[in-house]
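1. Let me see the structure of the following:
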Amino acid sequence: MSQIPSSELIINSDGSIFHLHIRPEELADTVILVGDPGRVELVASFFDSREFVRSSREFVTITGSYKGKRLTVLSTGIGTDNIDIVVNELDALANIDFKTREPKAEHKTLRLLRIGTSGAIQPDIPLGSFVLSHISVGCDGLLNWYANRDSISLLDMERAFTEHTNWPDNLPAPYFAKASDYMISLFSDVTVKGVTISASGFYGPQGRVLRLPLAMPNMVHQFETFSYKGDRITNFEMEGSAIAGLSALLGHEAATVCCIIANRHLHESQPDYKPYINKLVQLSLERLTQ
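-> Numbering: from 1, shown residues only. Next comes the predicted model:
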């Protein structure tokens, strides 16, 4: 195995990975990902014990224990560009020897669950419900930078989607990445089956108009009316496709589950969604440690 240069794998002087600032021994095999750094404390408030708290930029990390199971909760910030950093650095912590700078002979599989908020685009998905992204649609282009993206993508569904939406040539080619079967099995009985758009922004990329018109004026309607073998687009969020796609390429079990706090079709929102998030966090902890 070839040694990874220091320019490619940057290790801090304290032995921690460059952006996350955590060391390999500080990472649990099960990791909960949240966007908001403030939500790390919410998740960790249910822990029985804590090993440490670490903060670096938008990345806040707590590793602890819940019902005897070691867990890490980590904030990613917003967007798939941050997920590119987080998932690659988590994999490096698990599967690269920091002393030799070589991949380890034995691969370690991490379990990654993103807990987030989302807006539904179908009228029958109520506020406060939990959508598990069985399939994440990357409209950000991130996975297209990696070799073998086709090997983990649902190519027939991609083609049907681009044809249905008349996808513009000047936008990144969308990719369809599936959550791991294992993670789906943990949550399928308590969640809505989702096909989730991971947008590269909150406004234009999700069809919101303030002062700038859209390149795809009917985008939300085109997404809402897409159907492939009984599956339909259910909701918007901003990170799940990169989590699902990179994890599949790297050999990790991953999924995204979101609380629905708005319905774009019905023009409804739930500003007081914290009780629902608390319930989702508790549910996720129970399922991950069962």
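2. Show the low-confidence segments of the stretch 1-150 of the chain, by residue range.
-> Applying pLDDT under 70 to the stretch 1-150 of the chain flags residues 1.
3. at 90 instead, please
-> 1-2 (pLDDT under 90).
4. helix or strand for residue 260, which one?
-> Taking DSSP states H and E as the definition, one finds residue 260 inside strand 253-263.
5. residue ranges for the strands of the stretch 1-150 of the chain, please.
-> 30-34, 49-56, 59-66, 69-75, 96-97, 102-103, 111-120, 130-138 (DSSP state E, counting those that start in this stretch).
6. likewise the stretch 151-290 of the chain?
-> With strands called from DSSP E, counting those that start in this stretch, the stretch 151-290 of the chain shows them at 175-178, 192-198, 227-228, 231-232, 235-237, 253-263, 268-269.
7. Run me through the strand neighbours of the last one, direction for each.
-> The sheet places strand 268-269 alongside strand 253-263 (antiparallel), with pairing taken from DSSP bridges.
8. Let me know which of the strands of the stretch 151-290 of the chain is the nearest to residue 24.
-> Distance to residue 24, taken as C-beta to C-beta, is lowest for strand 253-263 among the strands of the stretch 151-290 of the chain, at 19.0 Å. Backbone N, C-alpha and C define where each C-beta goes, glycine included.
9. Might you report the residue contacts of the nearest residue to residue 250 once chain neighbours are set aside?
-> Counting by C-beta to C-beta, 6 or more residues apart in numbering, residue 91 is the residue found nearest to residue 250 once chain neighbours are left out, at 4.8 Å. If you count contacts by C-beta atoms under 8 Å, 6 or more residues apart in numbering, residue 91 has them with 110, 250, 252.
10. how about stretch 111-131: buried residues?
-> Using 16 or more other C-beta atoms under 10 Å as the test for burial, stretch 111-131 gives 111-122, 125, 127, 129-131.
11. what angle separates the strand holding residue 260 from strand 130-138?
-> When axes from the mean of the first three to the mean of the last three C-alpha atoms, to 10 degrees is applied, the directions of strand 253-263 and strand 130-138 differ by 110 degrees.
12. Quick check: mean pLDDT of strand 253-263?
-> The pLDDT scores in strand 253-263 average 96.
13. quick check, distance from that strand to the centre of its chain.
-> With C-alpha atoms, centre = their mean, to the nearest Å as the basis, strand 253-263 stands 9 Å off its chain's centre.
14. now the helices for the stretch 151-290 of the chain?
-> If you assign secondary structure with DSSP state H, counting those that start in this stretch, the helices in the stretch 151-290 of the chain sit at 155-165, 181-187, 219-224, 240-250, 274-288.
15. Could you dump these into TSV and include distance to residue 213, mean pLDDT and mean neighbour count?
-> Listed next are the helices of the stretch 151-290 of the chain as TSV, based on distance: least, C-beta to C-beta, whole Å; pLDDT from 0 to 100; neighbours: other C-beta atoms under 10 Å:
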stretch	distance to residue 213	mean pLDDT	mean neighbour count
helix 155-165	17	98	15
helix 181-187	38	98	17
helix 219-224	12	95	19
helix 240-250	25	98	27
helix 274-288	34	96	17
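16. can you tell me which of those helices comes nearest to residue 4?
-> With C-beta to C-beta, the closest approach to residue 4 among those belongs to helix 240-250: 14.6 Å.
17. Count the neighbours of residue 69 for me.
-> Burial measure for residue 69: 16 neighbouring residues, criterion other C-beta atoms under 10 Å.
18. Please tell me I have it right and it contacts residue 288.
-> Yes. Between residue 69 and residue 288 there is a contact at 7.3 Å, judged by C-beta atoms under 8 Å.
19. Out of the strands of the stretch 151-290 of the chain, the one nearest residue 98 is which?
-> With C-beta to C-beta as the measure, strand 253-263 is the member of the strands of the stretch 151-290 of the chain nearest residue 98 (23.0 Å).
20. need the contact list for the closest residue to residue 183 other than its chain neighbours.
-> Leaving aside its sequence neighbours, residue 183 sits nearest to residue 255 (C-beta to C-beta, 6+ apart; 3.6 Å). Residue 255 makes contacts with 112-114, 132-133, 179-180, 183-184, 187, 243-244, as judged by C-beta under 8 Å, 6+ apart.
21. hang on, the earlier thing: list just the one of the helices of the stretch 151-290 of the chain that sits closest to residue 142.
-> Among the helices of the stretch 151-290 of the chain, helix 240-250 comes nearest to residue 142, with 5.0 Å by C-beta to C-beta.
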